[in-house]
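Enquirer: Got a predicted structure here, sequence first:
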Number of protein chains: 2
Amino acid sequence: MAIRIGIYGYGNLGKGVEASIAQNPDMELVVVFTRRDPSTISIKTSTAKVMNIKDCASMKDQIDVLILCGGSATDLPVQGPEMAAMFNIVDSFDTHANIPQHFAEVDAAAKKAGTVGAISVGWDPGMFSLARVYSSAILPEGESYTFWGKGVSQGHSDAIRRVEGVKDGKQYTIPVESALEAVRSGKQPQLTTREKHTRECFVVAEEGADLNKIENDIKTMPNYFSDYDTTVHFISEEELKKNHSGIPHGGFCIRSGVSGFEKENKHVIEYSLKLDSNPEFTAGVLVAYARAIYRLSQEGVSGCKTVLDIAPAYLSPLSAEELRKSMV
Amino acid sequence: MAIRIGIYGYGNLGKGVEASIAQNPDMELVVVFTRRDPSTISIKTSTAKVMNIKDCASMKDQIDVLILCGGSATDLPVQGPEMAAMFNIVDSFDTHANIPQHFAEVDAAAKKAGTVGAISVGWDPGMFSLARVYSSAILPEGESYTFWGKGVSQGHSDAIRRVEGVKDGKQYTIPVESALEAVRSGKQPQLTTREKHTRECFVVAEEGADLNKIENDIKTMPNYFSDYDTTVHFISEEELKKNHSGIPHGGFCIRSGVSGFEKENKHVIEYSLKLDSNPEFTAGVLVAYARAIYRLSQEGVSGCKTVLDIAPAYLSPLSAEELRKSMV
């Protein structure tokens, strides 16, 4: 019998999860929960229902794992513990500083209910967390580096759009190639914020707006842009739509370390991602961990987990024997 | 109290393990077992003993994990089950085709004795196995590619040295850059053996040897060279010693996959290693998994494990709380 999945929230991430489930024959989408009127939502999976989130409790016995597809700012901190009280859950909570608190809250709810929750599943946090932990355990004397991009930062794009005179805009975070090369060489450089990433903005200005002022307002914006070398391009609305409507992303997680009694040998471990669609890739990670969570739940495990707590074999549809034969 | 480690076999790998233990303050080298006369062996760790392997049973209660540093051809198939009957063990068994059998034998011995064994720990198998399993679970529709090098292949270097007229030699396996680029582009190319790697040989010929014949004998050698584009350089003994005495290696494990209902988005996951010393890096992996095995044993687990069966958090000296705070 297939693993029965529910999706909670049907934005870009929820749609990505739906598409990913279709790639996994051992899984079945049962229901999409939405805050909107279900009759206004059209999904691709003809065998699945669409229901309002307020009716989710009625599906308690028909879902093996509920994948939460809301945002980290306000949705997941509430939905995580609430849903873990009824379902096995997976979420992509990505506010790094609040992970310990979110973990504690989901853990308490899940332990009480006898469910399993996996939080902060995605690529950073998620696959990059794995890369950091594996590589620093293997090379304890060294430095870890994380670079993001080239990709669209939603937060920075939003910040641009709040600038006076800006009609629309997209921001790309770009790792500095020379910094990447210095890290890969094994030199273990100390890099400032400015040396690691540049920011490139594509801006559609409102008619008659002061372009110089917009450019200056963006480049000097604290937290978002002032610590970076930022480029601003003014383009037409058509051009923005045509060339910048995708949501690509990616990044590099690099560990540079030494070995030997004289620290005479250098080693570089690099994990990198190049993603056409940030939400669809994240969805793929969520779905693989939904499989893991289902299996853990079947074993009687309860409580909250991160990617660090889950053995890799749980993610694969293959059996342990098949994995040893074909993948080790 | 530190985790007490024994090393079984003191070649390049055993020496690498000794150096790696010195980088891990939660570990302590207790003893090195050798086949040779212990009085002829000088180790770097002044607090550790050197003993003959025939006396290893006497150390049963003084070692938490025994790291087996023998070869996969004849040592580990025997030593793995034998030692798992007395100790928690970690080995780097790397004959891919025989992993299921080795697993079964170590598993039987370990379950009977109540010990834990981790086999095939290193980088391939090992870290590359992890890369293959994680990436194919996340991107189920795609292709996986493994490239090795640039690095010294011990087996191919040995094969060169068996050629008539060859005094000494080293062989480098080199991934073909254009093939790597094609894979990274997301094209999912079908690649032949010849298209993926080239082989470069540095050969010291015996005086008066027929160089053309040596070159031809190498290039046409079945299994080792005939399926590859091979280059042969004749150099002096001094040059070999000066420029080719290291044992660097590395490689690339790449997954190229698609997402979306129309398979419209491409994603590339790349895990790569650039290693100055193949045995010292492998040693770092063995030592991190020794920590994991010790913890599993403390939890009452027994039997054989591969890297796929062990949750990443077990490898790190940090606690689960510290990991969530600083690494997720």
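Expert: That came through fine.
Enquirer: Nearest residue to residue A:96 in space, please, no chain neighbours.
Expert: residue A:125 (6.5 Å; CB to CB, 6 or more residues apart in numbering or on different chains). For every residue, glycine as well, the C-beta is placed using N, CA and C.
Enquirer: Report the contact partners of the one you found.
Expert: A:93-94, A:96, A:99, A:306-307, B:328 (CB atoms under 8 Å, 6 or more residues apart in numbering or on different chains).
Enquirer: Please narrow the residues you listed to those residing in helices.
Expert: Of the contacts of residue A:125, the ones assigned to helices by DSSP state H are residue A:99.
Enquirer: Would you mind listing the two of the contacts of residue A:125 that lie farthest apart?
Expert: A:96 and A:307 (13.5 Å; CB to CB).
Enquirer: hmm, back to that, dump the contacts of residue A:125 into JSON lines; add pLDDT as well.
Expert: Shown next, in JSON lines, are the contacts of residue A:125 (pLDDT from 0 to 100):
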{"residue": "A:93", "pLDDT": "97"}
{"residue": "A:94", "pLDDT": "95"}
{"residue": "A:96", "pLDDT": "93"}
{"residue": "A:99", "pLDDT": "97"}
{"residue": "A:306", "pLDDT": "98"}
{"residue": "A:307", "pLDDT": "98"}
{"residue": "B:328", "pLDDT": "95"}
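Enquirer: In ChimeraX, how would I select just the buried ones from the contacts of residue A:125?
Expert: The ChimeraX selection below is limited to those of those classed as buried (16 or more other CB atoms under 10 Å in any protein chain shown):
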select /A:93,94,96,99,306,307 /B:328
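Enquirer: May I see the contacts of residue A:125 arranged in a markdown table, with distance to residue B:211 as well?
Expert: Shown next, in a markdown table, are those (distance: CB to CB, whole Å):
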| residue | distance to residue B:211 |
| --- | --- |
| A:93 | 65 |
| A:94 | 61 |
| A:96 | 61 |
| A:99 | 63 |
| A:306 | 59 |
| A:307 | 55 |
| B:328 | 58 |
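Enquirer: just checking, which of the contacts of residue A:125 belong to strands?
Expert: Nothing among the contacts of residue A:125 maps onto strands, per DSSP state E.
Enquirer: quick check, nearest of the contacts of residue A:125 to residue A:255?
Expert: Taking CB to CB as the measure, residue A:255 lies nearest residue B:328 of the contacts of residue A:125, at 16.1 Å.
Enquirer: Now do the contacts for that closest one.
Expert: Applying CB under 8 Å, 6+ apart, the residues near residue B:328 are A:96, A:99, A:120, A:125, A:129, A:306-308.
Enquirer: again, but for residue A:107
Expert: Residue A:107 neighbours (CB under 8 Å, 6+ apart): A:117, A:303-304.
Enquirer: between those, which is closest to chain B?
Expert: residue A:304 (9.8 Å; CB to the nearest CB).
Enquirer: Residue A:106 is in contact with that closest one, correct?
Expert: Yes: here residue A:304 lies in contact with residue A:106, judged by CB atoms under 8 Å, at a distance of 4.3 Å.
Enquirer: ok, those two, which is more surrounded?
Expert: residue A:106 (30 against 26; other CB atoms under 10 Å in any protein chain shown).
Enquirer: In the stretch 201-328 of chain A, where is pLDDT below threshold?
Expert: Counting by pLDDT under 70, the stretch 201-328 of chain A contains no low-confidence range.
Enquirer: can you tell me which of the contacts of residue A:107 are in strands?
Expert: A:117, A:303-304.
Enquirer: Go through those residues and name the one nearest residue A:316.
Expert: residue A:117 (20.7 Å).
Enquirer: How much space separates the residue most central in space within chain A from chain B?
Expert: Residue closest to the average C-alpha location in chain A (CA atoms, centre = their mean): residue A:122, at 3.7 Å. With distances defined as CB to the nearest CB, to the nearest Å, the gap from residue A:122 to chain B amounts to 10 Å.
Enquirer: Next up, the contacts around that residue.
Expert: Applying CB under 8 Å, 6+ apart, the residues near residue A:122 are A:92, A:94, A:282, A:285-286.
Enquirer: Next up, the contacts around residue A:315.
Expert: A:288-289, A:291-292, B:133-134, B:137-138.
Enquirer: Filter the residues you listed down to just the buried residues.
Expert: A:288-289, A:291-292, B:133-134, B:137-138.
Enquirer: got these as CSV, with distance to residue A:192 columns?
Expert: What follows is the buried ones among the contacts of residue A:315, written out as CSV (distance: CB to CB, whole Å):
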residue, distance to residue A:192
A:288, 36
A:289, 35
A:291, 41
A:292, 38
B:133, 37
B:134, 32
B:137, 37
B:138, 33
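Enquirer: from those residues, which is closest to residue B:159?
Expert: residue B:133 (31.2 Å).
Enquirer: any idea how far the closest one is from chain A?
Expert: Counting by CB to the nearest CB - residue B:133 and chain A are separated by 5 Å.
Enquirer: Let's verify that residue: helix, strand, or coil?
Expert: helix (DSSP: H, G, I helix; E, B strand; the rest coil).
Enquirer: Just list the residues touching it, thanks.
Expert: A:312-313, A:315-316, A:323, A:327, B:308.
Enquirer: try it again with 6 Å
Expert: A:312, A:316, A:327, B:308 (CB atoms under 6 Å, 6 or more residues apart in numbering or on different chains).
Enquirer: interface residues of the stretch 201-328 of chain A facing chain B?
Expert: With CB under 6 Å from any CB of the partner chain as the criterion, the stretch 201-328 of chain A meets chain B at residues A:259-261, A:265-277, A:280-281, A:284-285, A:288, A:306, A:308-313, A:315-316, A:323-325, A:327-328.
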